[in-house]
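Novice: output the structure for:
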Amino acid sequence: MSAAHIYHSALPLSPRTSIVRRLYEPYADPLMRIVQGVPMSWNPAIVAVKSLNPIRRPVWSPCSRFIAIDCETGIQILDATTLGRVKSLPQQGGFCQLLTFSAESRLLTQLGDKLGEIISWDLQTGVSAGVNSSDEVLREQLYPGDHQERDIFTEAALSITYSGCGTMFGVLFKRRNFTVIVTYNVLSSTATGHYPVERPAANIIWTHDKSIRFATFGPESITIWEVGFVLEHPATVVESLSTPDNFDPSSPFLFLPTCSRLAFTLNGSVFVWDAQHSKLLLSYADIKYPELNEMTFSSDGHFFACRTLNPEIYLWKDSPTGYTFHQRLVSSTNFPLPLLSPDGRSIIAFRHQDLQLWRTTDPTPPLFSVPARDVQSTERFVLGFSPDESLAAAARLRDNTATVLDLRAGVPRLTVDAGMEIYGLRVAGSTVVVVGESKIVTWNLPQRGHALNATANINDSIQTTIFDHSPHAESHFASISPDFNFTAIAGKDQANCRCLCIYDMTTGKYLAIINTDWNGVWFSPDGRKLWSYFITATSGWAIVKDSKSNFLKMEHLGETSCPPGEYPWTPPRDYKITDDGWVFNPNGKRLLWLPPHWRQSYEHERDRMCSGRFLAFLYGGLLEPVILEVPE
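Specialist: The predicted structure follows:
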């Protein structure tokens, strides 16, 4: 927006190893100090854009030069190198179900939500031709005599394929249990015939020479069929391909006809099967429940990509021994949906209004590698500041590793392998305390003057406290009171109902339980109240010691807005963070513009934490917590 924004925001956020940072860091004058969160190197994405409207159904052109996206305001044709807009096409007809290019990438066809509601554009001339949506002849053929069915006839368009000459195309429609191929003449804009299909595999049809091909599933094989575009004769069997053991056609799968390859999921893992040669090409176990639109092939099968639990895309490359890992692409959007270009040289990831582009041929830095196990980075971070604001302890929720960061130097002071899933932590004085599902573990910090970035494990701990009673069956989050007297764990009880359990920090004694729908928990700064949240709403309880027993009495404060200063995400000193990413000081001065991957599209206050002069972002899509220091 101005030179000041470059020096205060852009240059301080440039990667640590970048040429830009080396050249211009001495001249940058940031208004906020970035303690942690600056990346080591540039994201390998070539370009990222944000649409004004949600992006639906992007599709590559066969030549890999263009990308068509469906938006609420119409269809945009983007350049596949810059993601710049090449052409805009107006929204016509009803809801757009499917977009596709013709084989020579000259025509773009939109399928609407009714039978025959098909519009094609000539991208060179911009002229559109619509197929009549009230084709009574075709409706009578599909539903003879059933006028009521014909009047409400709407179809799910599953797949479309153009003939080699480009004068005809076929569409695979499905409604209820009825699946049919309908062919159309592009020039006359009329339907020319229909052909019923039973048990279609992968819900796709494709062109081979002058015919349409489709696949069906049998008990142990995939059968390839062929029928002419004019649909004059019954379909004939082309070949039969084997399916792997335990393959379930009801699970998400993707069939690549050109190479007879089948990508499918089984028990949370993803596999790629060579049906032509009956061998497994890829088996990867750290993908949790992928869906169909989260897996993608290039047209020649040379590349295969799928989304992980992280906001990342794993890309594999074909080799004589199967698929070998090629790249890990980090997206700025949560749960990106990948789509490889037909030539395999590029890949886009899209979600909501965001679209990113990478080159698959670009080299990948050594740090990008497939982790040995899933680190569940869709989970947010947990973080605790020391009372004197000199240290911060952070961990990814449910991970095993915690890091104590020196806030003055901006470097790790101690990295701890807790040997358990971490639900909460706090650091104070010379100790760091970590809470798991069944116990509390404490470590001493290395003395000042010792080497930074020391490591420790469970054998180095100075104290372990076991909870004497654990009514919660599934934990989500834990909080430690500032005076280290209590810890509260949010989770679910044996009946799968949400609850908050409070324990004595010294003895591990179970003190109280609160049955509530709220699924997060925080102590107030004075430790006398307990606050819980659900999305953006809050509920509170006052902690009262029962003089007649060792248990606590929790007095409900009601479901109300949390008073200022009670929650750890209250902005420090009246600083303001806007939805579009600006940090303002109390006088309304812009201090820093937060990059998109430092904030979510839906703003949750619980994904921030503030303490005195520090502001932290804990979104699950980040590689590490981001910590900023506001001016004195």
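Novice: for Gly84, which non-adjacent residue is spatially closest?
Specialist: Leu78 (6.6 Å; Cβ to Cβ, 6 or more residues apart in numbering). C-beta here means a position set from N, CA and C on the backbone, and glycine is covered the same way.
Novice: now tell me which helix or strand of the protein has the poorest mean pLDDT.
Specialist: helix 147-151 (a mean of 48; mean pLDDT, DSSP states H and E).
Novice: at which residues are the helices of the chain located?
Specialist: 3-5, 11-13, 19-24, 136-142, 147-151 (DSSP state H).
Novice: now the first one: mean pLDDT?
Specialist: Okay, so that is helix 3-5. Mean pLDDT, helix 3-5: 77.
Novice: how far out from the middle of the chain is that helix?
Specialist: The chain centre lies 32 Å from the centre of helix 3-5; the measure is Cα atoms, centre = their mean, to the nearest Å.
Novice: hmm, who's touching that helix?
Specialist: Arg590, Trp593 (Cβ atoms under 8 Å, 6 or more residues apart in numbering).
Novice: for the stretch 251-400 of the chain, just list every one of the strands.
Specialist: 253-256, 261-266, 269-274, 279-284, 295-297, 303-307, 312-319, 322-330, 337-340, 346-351, 354-359, 381-385, 391-396 (DSSP state E, counting those that start in this stretch).
Novice: can I get those strands in a markdown table including mean neighbour count, mean pLDDT and distance to Val521?
Specialist: Below are the strands of the stretch 251-400 of the chain laid out as a markdown table (neighbours: other Cβ atoms under 10 Å; pLDDT from 0 to 100; distance: least, Cβ to Cβ, whole Å):
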| stretch | mean neighbour count | mean pLDDT | distance to Val521 |
| --- | --- | --- | --- |
| strand 253-256 | 22 | 90 | 41 |
| strand 261-266 | 22 | 88 | 35 |
| strand 269-274 | 22 | 90 | 34 |
| strand 279-284 | 16 | 91 | 36 |
| strand 295-297 | 22 | 93 | 37 |
| strand 303-307 | 25 | 91 | 31 |
| strand 312-319 | 20 | 89 | 30 |
| strand 322-330 | 19 | 87 | 31 |
| strand 337-340 | 22 | 92 | 33 |
| strand 346-351 | 24 | 89 | 30 |
| strand 354-359 | 22 | 88 | 32 |
| strand 381-385 | 25 | 91 | 11 |
| strand 391-396 | 24 | 93 | 16 |
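Novice: quick one, which of these is nearest to Trp593?
Specialist: Counting by Cβ to Cβ, Trp593 lies closest to strand 354-359 out of the strands of the stretch 251-400 of the chain; the figure is 17.1 Å.
Novice: note down every partner strand of the closest one and its orientation.
Specialist: strand 47-50 (antiparallel), strand 346-351 (antiparallel) (DSSP bridges).
Novice: and the pLDDT for the residue in the chain sticking out farthest from the centre?
Specialist: Residue distances from the centre of the chain (Cα atoms, centre = their mean) peak at Lys548, which lies 50.9 Å from the mean C-alpha position. pLDDT for Lys548: 70.
Novice: hang on, the earlier thing: just give the number of residues close to the residue nearest to Gly84.
Specialist: Applying other Cβ atoms under 10 Å, we find 21 residues neighbouring Leu78.
Novice: what of Cys610?
Specialist: Cys610: 22 neighbours (other Cβ under 10 Å).
Novice: now do the closest residue to it other than its chain neighbours against Lys529, distance only.
Specialist: Excluding its sequence neighbours, the residue lying closest to Cys610 (Cβ to Cβ, 6+ apart) is Pro572, at 4.8 Å. Distance, Pro572 to Lys529, using Cβ to Cβ, to the nearest Å: 20 Å.
Novice: of the two, which one has the most company?
Specialist: Lys529 (20 against 15).
Novice: doesn't Thr538 make contact with the more buried one?
Specialist: No - with contact defined as Cβ atoms under 8 Å, Lys529 does not reach Thr538; the gap is 11.1 Å.
Novice: could you list everything the closest residue to Leu628 other than its chain neighbours pairs with in the sheet?
Specialist: Among residues not flanking Leu628 along the chain, Leu615 sits closest, at 4.6 Å (Cβ to Cβ, 6+ apart). Leu615 has the following beta-bridge partners by DSSP bridges: Cys610, Leu628.
Novice: now Lys439
Specialist: Where Lys439 sits in a bridge, its partners, by DSSP bridges, are Ile466.
Novice: before we move on, what about Ser159?
Specialist: Judged by DSSP bridges, the bridge partners of Ser159 are Leu172.
Novice: need the contact list for it.
Specialist: For Ser159, the contact set (Cβ under 8 Å, 6+ apart) comprises Leu98, Val171, Leu172, Asn203, Ile204, Ile205, Trp206.
Novice: going by distance to Thr73, which of these wins?
Specialist: Leu98 (18.4 Å).
Novice: correct me, but Leu83 touches Trp358?
Specialist: No - with contacts counted by Cβ under 8 Å, Leu83 stays clear of Trp358, the gap being 11.5 Å.
Novice: burial measure for the residue nearest to Thr464 when sequence neighbours are not counted, as a count.
Specialist: Leaving aside its sequence neighbours, Thr464 sits nearest to Val441 (Cβ to Cβ, 6+ apart; 5.2 Å). Residues near Val441, counting by other Cβ under 10 Å, number 22.
Novice: pretty sure the residue nearest to Gly84 contacts Val86?
Specialist: Yes - with contact defined as Cβ under 8 Å, Leu78 counts as touching Val86 (6.4 Å).
Novice: shared neighbours of those two, anything?
Specialist: Contact with both Leu78 and Val86 is made by residues Phe66, according to Cβ under 8 Å, 6+ apart.
Novice: residues in contact with Ile422?
Specialist: Val382, Ala395, Arg396, Leu397, Arg398, Asp399, Asn400, Thr401, Ala402, Val434, Val435, Gly436.
Novice: to clarify, my last question referred to Leu329.
Specialist: Pro44, Ala45, Glu312, Ile313, Tyr314, Leu315, Ile347, Ala349, Trp358.
Novice: surely the second one and Leu355 touch.
Specialist: When you say that, I think you mean Ala45. No - applying Cβ under 8 Å, one finds Ala45 not in contact with Leu355, separated by 10.2 Å.
Novice: walk me through the domains of this structure.
Specialist: Using automatic domain parsing, the domain ranges for the chain come out as 3-30, 42-59+243-364, 92-236, 381-629.
Novice: re the thing from before, can you put the strands paired with strand 354-359 in JSON lines and add distance to Asp29?
Specialist: Listed next are the strands paired with strand 354-359 as JSON lines, based on distance: least, Cβ to Cβ, whole Å:
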{"stretch": "strand 47-50", "distance to Asp29": "27"}
{"stretch": "strand 346-351", "distance to Asp29": "35"}
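Novice: still on that earlier bit, give me the buried subset of the contacts of Ile422.
Specialist: Val382, Ala395, Arg396, Leu397, Arg398, Asp399, Asn400, Ala402, Val434, Val435, Gly436 (16 or more other Cβ atoms under 10 Å).
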